[in-house]
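Asker: coordinates only, sequence not included:
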């Protein structure tokens, strides 16, 4: 059974902060099952956007894991905002969480899939 989106985001932020990094909820979505989008802000101001991987990318042996795809790479704020706006038209209950960490640390926190 998968944990709620609310609990997952809370645990992610706690892990970040315990390591001395920063993360914040930009938009709070549905508590139980809202899709989670992560904005990674580099120290140089570049943005990467990660969103939920398609259901076909999930491992049947570990159905409770959350997997992410990179949707925007080294983009500007306008690129990320446009993508999130399209996602919110489709599903207004999404979570948006911004993280200020090094890209290498992200792989320690989430499972990233490639298309």
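Answerer: Great, that's in hand. All values derive from a computational prediction rather than experimental measurement.
Asker: Give the bridge partners for the one residue sitting closest to the centre of the chain, please.
Answerer: Centre of the chain computed as the mean C-alpha position; nearest residue by CA atoms, centre = their mean is residue 38, 2.6 Å away. On the basis of DSSP bridges, residue 38 is bridged to residue 50, residue 97.
Asker: name the helices or strands packed onto the host helix or strand of residue 23?
Answerer: Using DSSP states H and E, residue 23 falls within strand 22-27. Packed against strand 22-27 by the contact rule (3 or more CB pairs under 8 Å, 6 or more residues apart in numbering; DSSP states H and E) you find helix 5-18, strand 95-100. Using the backbone N, CA and C atoms, a C-beta is placed for each residue, glycine as well.
Asker: The helix or strand hosting residue 104: which residues count as buried?
Answerer: Taking DSSP H and E as the definition, residue 104 sits inside helix 103-109. Going by neighbour count (16 or more other CB atoms under 10 Å), the buried part of helix 103-109 is 106, 109.
Asker: For that helix, name the packing helices and strands.
Answerer: Using 3+ CB pairs under 8 Å, 6+ apart, the elements in contact with helix 103-109 are helix 5-18, strand 36-41.
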